[in-house]
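> sequence and predicted structure are below.
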Amino acid sequence: MQKDIKTASEYMTVGETAKKMGTTVRTLQYYDKKGLLSPSAVSEGGRRLYTYKDMVRLHEIMSLKTLGFSLEDIKKNLSSLETPKEVVQVLTDQETKLKEEIQRLSQSLTAMEALKQEVMQMDAVDFKKYADIIVNLRMKNDYYWLIKYFDDEMLNYIRKRFDQKSGLSFMKRFQRVIDHAVSMKEKEIPYDSKEAEETAKEFWNLIMEFIDGNLEMLPQLVSFGGKNKIGNQWGQRQAAANEYLGKALEAWFMKQGINPFEEG
């Protein structure tokens with residue numbers, strides 16, 4: 001610790017430094033104890049004194065702490081601040097971390113607003129559904145809003161049948177089939193064509209995978225698929241795909257000589 005004080009105006013007491021930086025004396029004493037920020041000098045009377053360089057260092061520590069870094073991590077990553085280049089690098093790193101935090105907070109705000117909209121459309125307090133929506137929002141599942149349309153029996157089945165990874169994988173495969181069906185409908189490809197048959201078969205296999213071969217669940221899926229209140233863009237595309245796939249499935253079932261709905 002430097003004891004030879006040449007220019008008194010360059011030094012500040014711990015109280016003055018804390019006041020300028022919007023922190024407390026106790027915090028500065030704690031950082032000193034932890035080896036994060038020690039005073040640059042001591043007065044003849046034994047008072048601990050800080051410099052403007054110490055203030056820059058303190059700003060770096062406080063910024064990193066605000067961003068969630070532990071004091072141990074901050075201590076490992078503090079730079080020497082001996083040259084303008086090092087100071088610029090510190091500020092650049094802080095800028096990058098702040099932008100990342102802003103993006104994270106923005107995503108959290110979007111998720112919160114989405115959850116609020118979903119809750120507003122639900123008729124009663126249902127914390128299980130709230131929790132499901134939150135989990136799916138956090139894992140960035142674009143189909144989180146579908147949850148509110150399922151009854152408790154179906155939701156319990158989905159929770160047991162799929163985990164996060166398998167659930168997302170299933171929805172991505174399902175969406176590919178839906179998109180392809182909409183495209184074929186727009187191109188007016190015949191329902192009994194080879195391409196329609198292959199798509200209908202793939203769609204049916206996905207349904208069987210979802211219900212794990214239990215045909216007794218078919219009426220529930222049919223009921224869900226026919227809900228007119230799903231009026232957003234996804235719902236409109238789903239309705240268009242259902243119309244096409246329904247006729248393509250009918251043609252495919254006739255070729256196979258089966259009627260799974262009667263069997264269910």
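Arrived safely. Residues are numbered from 1 along each chain as shown.
> tell me where the model's unsure across the protein.
1-9, 79-82, 107-108, 111-112, 114-152, 222-235, 261-264 (pLDDT under 70).
> show me where this protein has strands.
For the chain, applying DSSP state E gives strands covering 12-13, 41-42, 48-50.
> those: which one's closest to residue 195?
Closest to residue 195 of the strands of the chain, according to C-beta to C-beta: strand 48-50, at 75.0 Å. The C-beta positions use only the backbone N, C-alpha and C, and glycine is treated the same way.
> packing partners for the closest one?
If you count contacts as 3 or more C-beta pairs under 8 Å, 6 or more residues apart in numbering; DSSP states H and E, strand 48-50 packs onto strand 12-13, helix 14-21, strand 41-42.
> CSV for these, including distance to residue 70 and mean neighbour count?
Converted to CSV, the helices and strands packed on strand 48-50 look like this (distance: least, C-beta to C-beta, whole Å; neighbours: other C-beta atoms under 10 Å):
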stretch, distance to residue 70, mean neighbour count
strand 12-13, 27, 18
helix 14-21, 20, 16
strand 41-42, 29, 17
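> turn the ones you listed into JSON lines, including distance to residue 258.
Converted to JSON lines, the helices and strands packed on strand 48-50 look like this (distance: least, C-beta to C-beta, whole Å):
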{"stretch": "strand 12-13", "distance to residue 258": "86"}
{"stretch": "helix 14-21", "distance to residue 258": "76"}
{"stretch": "strand 41-42", "distance to residue 258": "90"}
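> and of these, who's closest to residue 201?
Per C-beta to C-beta, nearest to residue 201 of the helices and strands packed on strand 48-50: helix 14-21, 68.0 Å.
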